[in-house]
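[1] Need a 3D model of the sequence below.
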Amino acid sequence: MQVGDAMPTSVLVSARILEPSAAPTVMKGVESGWEEVASGQLYDPVDGVVHFELTDLVPDTTYSIALYGPGGIRRSRVTRFRTAVPAGASRIIRFGATSGMGPANEPWPNLSQSLPERLDFFLLLGDTIYADYAPNQFVYVEKYKTALSLPGMNDTTAGTSLVATWDDHEIDDNWSWSTPGMQQTFDEALAAFRQAIPYRQGPGVTGLWRKLSWGDALDLFVLDCRSERLNGNYVSPEQLTWLEQSLLSSTATFKVIVNSVPIFDFAGTIMQSLGVDDRWQGFPAQRSQILQFIRDQNVTGVVWISGDVHFAAIGQVDIVGGPGDDLWDVLVGPCGSAVNPAAYLMEVTENMPILVADFSTTFFEADPDAGTLRCRFVGDAGQTLADHTLQVL
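    Residues are numbered from 1 along each chain as shown. As a prediction, this is how the structure comes out:
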């Protein structure tokens, strides 16, 4: 079962079931333990999956949910989640993030480390499945079934809600709109993603770019950096304008941009010329536009969190003198994909103080009073691979 895109009074739920129907029992965390708040409503699956929204919840409150089959004989694993902080309130926000859930490190033990963390939410930054080389509807659905059932992902979804975007491998490796038949492939991939991962659809082709708020403490700006690569653009002009105006109107202390591929400037490293056409640096006009906008409009508290490159790091978005030299990009993962060999050939530098060449998941602690973002990179055995606190404000 997956809970997604928590808001102060509601969450989305999806679950794959074998039963002819399922009924959720929802419990609210109270001082003395747990209090039942809802049970009994039946949901019938479509293609083996049920989707529904829980509403009328209490803001900033811990809940648990389990699905029961007919007669209550069988039930799902209990899933915990927390509703979002309401507008006008603020506190420390704790969340996790990873990317690159490939087969090299199944069943993704570093992801299992999220369960005891009691996170507010968890970011999936793309490449949740690897459907390369033979993409079709059946492959997509089966890949998600496998991914969501692996212990690492199952532990994560049992412990918190998800906020997800996608990258290329959810469709095909480095796919392009110029490939014959791509529209049908894209439609099948998107349908499988929507079936597997609950999310609130925003504007745009996929509905993936959207804003989620955690009170006055933190706003999430989830990007779709794959589906709109047309006419020489990295994202559509509409998405870029939406991001600019959403950042400008945000009053949250932290403005976290959820970005499947880095915006970090790899100048001076072996990555400087590797895969440049696959990230923001390969689209310099749009990259400069958003970074210059953030600087010119004095938008404070911006942090980028990115995936894709198969190593973890913290880097200044630009070298000194660039419009993003006062911003940070935190690269997360890989959870299960093979570590990028380039990571072993790089060194920590002044503008890249953290580099982790290992399988990892990252845990964040955003403190709105201190203006700090703690980034803790954790390995398969729960060991801390790196721990660094950014002074964002």
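[2] Next, the buried residues of the lengthiest helix in the chain.
    If you go by DSSP state H, the chain has its longest helix at helix 182-196. By 16 or more other C-beta atoms under 10 Å, the buried positions in helix 182-196 come out as M182, T185, F186, E188, A189, L190, A192, F193, R194, Q195, A196. All C-beta spots, glycine's among them, are computed from the backbone N, C-alpha and C.
[3] The closest residue to the last one other than its chain neighbours sits in which helix or strand?
    Once its chain neighbours are removed from consideration, A196 has its nearest residue in Y144; the separation is 3.7 Å (C-beta to C-beta, 6 or more residues apart in numbering). Assigned by DSSP states H and E, Y144 belongs to helix 137-149.
[4] Could you give the separation of the helix or strand just after that helix from the chain centroid?
    From helix 137-149 onward toward the C-terminus, using DSSP H and E, the following helix or strand is helix 151-159. The chain centre lies 14 Å from the centre of helix 151-159; the measure is C-alpha atoms, centre = their mean, to the nearest Å.
[5] relative to helix 137-149, how tilted is helix 151-159?
    Interaxial angle, helix 151-159 versus helix 137-149 (axes from the mean of the first three to the mean of the last three C-alpha atoms, to 10 degrees): 70 degrees.
[6] Rounded mean pLDDT for helix 151-159, please.
    Helix 151-159 comes out with an average pLDDT of 98.
[7] So what touches it?
    Helix 151-159 is contacted by residues 1-3, 77-80, 96, 101, 106-112, 114-119, 122, 147-148, 162, 335-336 when judged by C-beta atoms under 8 Å, 6 or more residues apart in numbering.
[8] go again using 7 Å as the cut-off
    1-2, 77-80, 107-109, 111-112, 114-115, 119, 122, 147-148, 335 (C-beta atoms under 7 Å, 6 or more residues apart in numbering).
[9] cool, and stretch 309-322?
    So stretch 309-322 is contacted by 100, 262-265, 267, 291, 304, 324-325, 327-334, 337-340, 343, 351-357, 360, 362, 375, 377, 388 (C-beta under 7 Å, 6+ apart).
[10] In ChimeraX, how would I select the buried members of the residues you listed?
    Selecting only the buried entries of the contacts of stretch 309-322 in ChimeraX, with 16+ other C-beta under 10 Å as the criterion:
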select :100,262,263,264,265,291,304,324,327,328,329,330,331,332,333,334,337,339,340,343,351,352,354,355,356,357,360,362,375,377
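[11] how about the CA coordinates for the longest helix of the chain, as PDB?
    Listed in PDB are the C-alpha atoms of helix 182-196, where the atom choice follows Å, rounded to 0.1, in the frame of the first residue of the first chain:
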ATOM      1  CA  MET A 182       6.900   7.100 -28.600                       C
ATOM      2  CA  GLN A 183       3.400   8.600 -27.900                       C
ATOM      3  CA  GLN A 184       1.900   5.100 -27.300                       C
ATOM      4  CA  THR A 185       4.900   4.000 -25.200                       C
ATOM      5  CA  PHE A 186       4.700   7.200 -23.200                       C
ATOM      6  CA  ASP A 187       0.900   6.800 -22.600                       C
ATOM      7  CA  GLU A 188       1.400   3.300 -21.400                       C
ATOM      8  CA  ALA A 189       4.200   4.300 -19.100                       C
ATOM      9  CA  LEU A 190       2.300   7.100 -17.600                       C
ATOM     10  CA  ALA A 191      -0.800   5.000 -17.000                       C
ATOM     11  CA  ALA A 192       1.400   2.400 -15.200                       C
ATOM     12  CA  PHE A 193       3.100   5.100 -13.100                       C
ATOM     13  CA  ARG A 194      -0.300   6.600 -12.100                       C
ATOM     14  CA  GLN A 195      -1.600   3.200 -11.200                       C
ATOM     15  CA  ALA A 196       1.400   2.400  -8.900                       C
END
